[in-house]
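S.K.: Coordinates only, no sequence provided:
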């Protein structure tokens, strides 16, 4: 079955600390993976996708097919990074399957 | 540009009452999605439209939920009758193309439904 697992509901760090939000997936085909972010009082928006292999707002994510993971990383967290982060997988039918989300809190 | 527009933003009803949500996608986006997000969960797809055709409604509880997208633009999602378990945020999203291509889904602000 297709599934996205985000094991941490809450991740709290201090400003300047490294951040890693974990995401594991289960999918039989070749997955497309995404990270979506929802800042307070804002709508859900795309942060980055694995195909682009880009860094957005200092965040990167590498697809590891061997470990079926797509962890989101940032070397130095900022207070404005505080938000809900959702990992998502797109199946062959263009359907997005979301994880349960991780709330990142960055303290000053 | 306003992005995806949804209304109402909040709705409180009693169980067994009907309710409807409206979505206006980004101009030119022919693919429209309705998701339901329960508390503490990620969004789950209910139905996907390409133009006016529902191409994936496998997750839509058809006994009480219905949706339409007349003329391939605006869409309405209806629940009749609502049950306590329908309390959730209903999200609408749109994207410019169908299956082909890496097309970003743009989300609306959602409608928060509370069923008492």
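M.R.: It's in. Since we're looking at a predicted model, the values are computed, not measured.

S.K.: roughly how far is the helix or strand where residue A:84 lies from the heart of the chain?
M.R.: Per DSSP states H and E, residue A:84 falls inside strand A:83-90. Averaged C-alpha coordinates place strand A:83-90 at 5 Å from its chain's average position (CA atoms, centre = their mean, to the nearest Å).

S.K.: State the mean pLDDT of the next helix or strand along the chain from it.
M.R.: Tracing the chain past strand A:83-90, the next element assigned as helix or strand by DSSP H and E is strand A:96-98. Taken as a whole, strand A:96-98 has a mean pLDDT of 93.

S.K.: show me what contacts the residue of chain A found nearest chain B?
M.R.: Of all residues in chain A, residue A:98 sits closest to chain B, with a separation of 2.9 Å (CB to the nearest CB). All C-beta atoms are positioned from the backbone trio N, CA, C, and that covers glycine. Counting by CB atoms under 8 Å, 6 or more residues apart in numbering or on different chains, residue A:98 touches A:4, A:36, A:86, A:87, A:88, B:42, B:43, B:44.

S.K.: Show the residue spans covered by the strands in the chain.
M.R.: No chain in the question, so chain A it is. A:3-5, A:10-14, A:19-21, A:24-26, A:32-38, A:45-49, A:60-61, A:72-74, A:83-90, A:96-98, A:102-107 (DSSP state E).

S.K.: look at chain B instead
M.R.: Secondary structure of chain B by DSSP E: the strands cover B:5-7, B:10-13, B:19-24, B:31-37, B:44-50, B:53-56, B:65-68, B:75-79, B:88-95, B:106-107, B:111-115.
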